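Novice: below are the sequence and a predicted model for it; my questions follow.
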Amino acid sequence: MSPTTLPAPPEHGHVTFLGAGPGDPGLLTLRAVEALANADVLVAEHEVLDVVRTHARQGVTEVHTDSDTSDPGTGTPQLTVVDGASTTAGVPAVRDAAHLVMEAARGGRRVVRAVSGDPGLDAYAAEEMLACASAGVPFEVVPGVAAAVGVPAYAGVPLRDAQGADVRFVDARTASDRCWTEVGASDGTVVVSTTLDSVAAAAGELVSAGRKPDTPLTVTVAGTTTRQRTWTATLGTIAQTLKQAKVLPSPEGGRPVIAVVGERSATARRDQLSWFESKPLFGWKVLVPRTKEQAASLSDQLRSYGAVPHEVPTIAVEPPRTPQQMERAVKGLVTGRYEWIAFTSVNAVKAVREKFEEYGLDARAFAGIKVAAVGEQTANALIAFGVKPDLVPSGEQSAAGLLEDWPPYDPVFDPIDRVFLPRADIATETLVAGLIDLGWEVDDVTAYRTVRASPPPAETREAIKGGGFDAVLFTSSSTVRNLVGIAGKPHNVTVIACIGPATAKTAEEHGLRVDVMAPEPSVHKLAEALADFGARRRLAALEAGDPVTRPSERRPGARSEVAGRGGTARPATVRCGSGRGPSQYGRLGPLSAPACGLGLVHGARREDRVGA
């Protein structure tokens, strides 16, 4: 426990002023996560709540702050109270943040007042702390990563190096003429917090104060998020650069930006140090046809590549139509009917666990039974149930891989010759046939049925059909059929990635062109293959001297996020492949000859459907 943690909320409550960082939820400190998990009330702006609410407990009250539009001169945060379901519970009349924070705390509740960046640099946090101190409300401060420091780091612009330099931080909205004169006379690095449509004016102030017009400058919008975009120019050219990129004029000109002025912003340095925006799938919207629970580790992997995963369930799981077979099998586990039980999916584990709970059983019922599992997620689901698998494939995580490691039946060492195999109603016969060949008797039991899920929201369906997604990951043939059935066929600019040959064949039968195929039937290998595709696509664009764009920016009428809402992205003009059919083409954009044929990643040859 942190030394700043209170063991229990006092009668008059407690307030934590918490820095939420510049936008990336991964930048929250351990202490911040701890405070959020114990909070009864969250007080924050909408964009900050999106960062912190993931770590809050279910049912926490949320209080949204917004600037007071009735008195634009003060800009004092006003609040709207909403409950954990984000429905309006009431709109206070004339109450600022400080009053509502103290009111919530006086009720004996733990209040987290989250602000963007660091509380020490927030315009109103100090006033709210003073109000708490005057009212006798105890509070603590949890520092966060300031945008003026975190955003340059994500943009690949170090503020200091071995030579050392003076670093000045300026808020252009409140900077005085004296401030501009001082930083203009300095040759150190200047970090300017401003807005997109005020960057040119800030650059002009620095030039007027003595900085040379050819001084390097970087401007970053939406820093530390997958919407981040950075432009490199000079003080004298930044206005023209933003105009040529069709960023301005724009209705989004008021978006906050961080501008870094100085030699450390030079293009050559940033090309080497831009680690975030150069991720292979940076900014890609990737559709994952699974539930959030099923896709947790896959979505995390995609985020590590810079992608924005969107989980869309295509399969719903329902109990078997006739449960008697499953009931007999579960009772057989207790009475010693089976030597082995084999789980090929997380859903199978869930189905057996639910039956156990129905009968008042727990993991102890597996005593004396050998347990096999296909795939890391299935094994983890068993471990969460309290059961450690005896057998997990050492190689390929599939039915075929399990058979390679499964021991043949030996009447001397195996007192029982029967295997319990709880599976989906549409499972293949590969595992059953293989176990029989090894001498085992198999009870192949339908533990659950897979049915087509309900259609996603209309907005998601339009994005799928209209090219709003950059890529779709298909993890089985049924995900192809079901996605097309409930949402329509993905747009032809969308990159199609399949887990193996059987899934790829189904995609082609539905008129889709497969761009990426996993080298082996694993969702994580599939994500790796997509990242490799994205890296090759990016490299090809750079070598050709073209801008790096996402696949969705190539559809007719698409607007580039780099250009805010102005400017049409430049479409790729050359496709490359072996000429052996549509699935052999890799849409890597304008390619040089040596890069041809790299669009499709080959390798998987076995049945790619591990389990529904």
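Specialist: Yep, it's here.
Novice: from here on, just use CA atoms for contacts and neighbour counts.
Specialist: Fine.
Novice: so in this protein, which helix runs the longest?
Specialist: helix 523-543 (DSSP state H).
Novice: what lies in contact with the longest strand belonging to the chain?
Specialist: The longest strand of the chain (DSSP state E) is strand 441-452. In this structure, residues lying in contact with strand 441-452 by Cα atoms under 8 Å, 6 or more residues apart in numbering are 314-320, 325-326, 329, 347-348, 351-352, 417-426, 432, 435-436, 482, 486, 612.
Novice: any low-confidence regions in the stretch 201-350 of the chain?
Specialist: 293 (pLDDT under 70).
Novice: mind listing the strands for it?
Specialist: Using DSSP state E, counting those that start in this stretch, the strands of the stretch 201-350 of the chain run over residues 216-221, 229-234, 256-261, 285-288, 308-311, 315-318, 340-343.
Novice: coming back round to it: quick one: average pLDDT of the longest helix of the chain?
Specialist: In this model, helix 523-543 has a mean pLDDT of 95.
Novice: now that helix: buried residues?
Specialist: 523-541 (16 or more other Cα atoms under 10 Å).
Novice: tell me which other helices or strands that helix touches.
Specialist: In this structure, helix 523-543 packs against helix 296-304, strand 495-498, strand 516-517, with contacts taken as 3 or more Cα pairs under 8 Å, 6 or more residues apart in numbering; DSSP states H and E.
Novice: among the ones you listed, which is the most enclosed?
Specialist: Highest mean neighbour count among the helices and strands packed on helix 523-543 (mean count of other Cα atoms under 10 Å): strand 516-517, with a mean of 31.
Novice: adjacent strands (with direction) for it?
Specialist: strand 495-498 (parallel) (DSSP bridges).
Novice: C-terminal to the longest strand of the chain, what's the next element?
Specialist: Following strand 441-452 in sequence order, the next helix or strand is helix 458-466 (DSSP states H and E).
Novice: for that next one, what is the distance to the chain centroid?
Specialist: Its chain's C-alpha centre and that of helix 458-466 lie 19 Å apart, by Cα atoms, centre = their mean, to the nearest Å.
Novice: go through it and flag the buried ones.
Specialist: 460-466.
Novice: would you turn those residues into CSV with pLDDT and distance to Glu47?
Specialist: Formatted as CSV, these follow (pLDDT from 0 to 100; distance: Cα to Cα, whole Å):
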residue, pLDDT, distance to Glu47
Thr460, 94, 22
Arg461, 94, 25
Glu462, 95, 25
Ala463, 95, 23
Ile464, 96, 26
Lys465, 95, 29
Gly466, 95, 27
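Novice: switch those over to CSV; also include distance to Asp166.
Specialist: What follows is those, written out as CSV (distance: Cα to Cα, whole Å):
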residue, distance to Asp166
Thr460, 49
Arg461, 52
Glu462, 51
Ala463, 48
Ile464, 50
Lys465, 52
Gly466, 50
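Novice: now, which of these sits nearest Arg364?
Specialist: Thr460 (44.0 Å; Cα to Cα).
Novice: check the gap between the closest one and Arg550 for me.
Specialist: As judged by Cα to Cα, to the nearest Å, Thr460 and Arg550 stand 18 Å apart.
Novice: and Leu382, by the same measure?
Specialist: 39 Å.
Novice: Ala172: how many residues sit nearby?
Specialist: 19 (other Cα atoms under 10 Å).
Novice: show me what contacts Ala351?
Specialist: So, once contact is read as Cα under 8 Å, 6+ apart, Ala351 ends up touching 447-448.
Novice: for the residue of the chain most remote from its centre, pull up the helix or strand it's in.
Specialist: Ranked by distance from the centre of the chain (Cα atoms, centre = their mean), the top residue is Val412, with 51.9 Å. Assigned by DSSP H and E, Val412 falls within no helix or strand.
Novice: okay, it: pLDDT?
Specialist: For Val412, pLDDT reads 85.
Novice: now do Ser86
Specialist: 37.
Novice: just Ala8 next, same as before
Specialist: The model's pLDDT for Ala8 equals 48.
Novice: cool, the one 4 residues further on as well?
Specialist: The confidence metric pLDDT takes the value 65 at His12.
Novice: for Val91, same thing?
Specialist: Note on Val91: pLDDT of 37.
Novice: try the one 4 residues further on
Specialist: The confidence metric pLDDT takes the value 44 at Arg95.
Novice: likewise for the one 4 residues further on?
Specialist: For His99, the pLDDT comes out at 79.
Novice: keeping just the C-alphas, turn the helix or strand where it lies into CSV.
Specialist: Using DSSP H and E, His99 sits in helix 97-106. Presented in CSV, the C-alpha positions along helix 97-106 are these (Å, rounded to 0.1, in the frame of the first residue of the first chain):
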residue,chain,number,x,y,z
ALA,A,97,-16.0,22.3,-9.3
ALA,A,98,-14.6,23.2,-5.9
HIS,A,99,-18.1,23.4,-4.4
LEU,A,100,-19.2,20.0,-5.8
VAL,A,101,-15.9,18.3,-4.9
MET,A,102,-16.3,19.5,-1.2
GLU,A,103,-19.9,18.6,-1.1
ALA,A,104,-19.2,15.1,-2.3
ALA,A,105,-16.4,14.7,0.2
ARG,A,106,-18.4,16.0,3.1
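Novice: identify the bridge partners of the closest residue to Val261 other than its chain neighbours.
Specialist: Leaving aside its sequence neighbours, Val261 sits nearest to Leu217 (Cα to Cα, 6 or more residues apart in numbering; 4.6 Å). Beta-bridge pairing of Leu217 under DSSP bridges involves Ala233, Val261.
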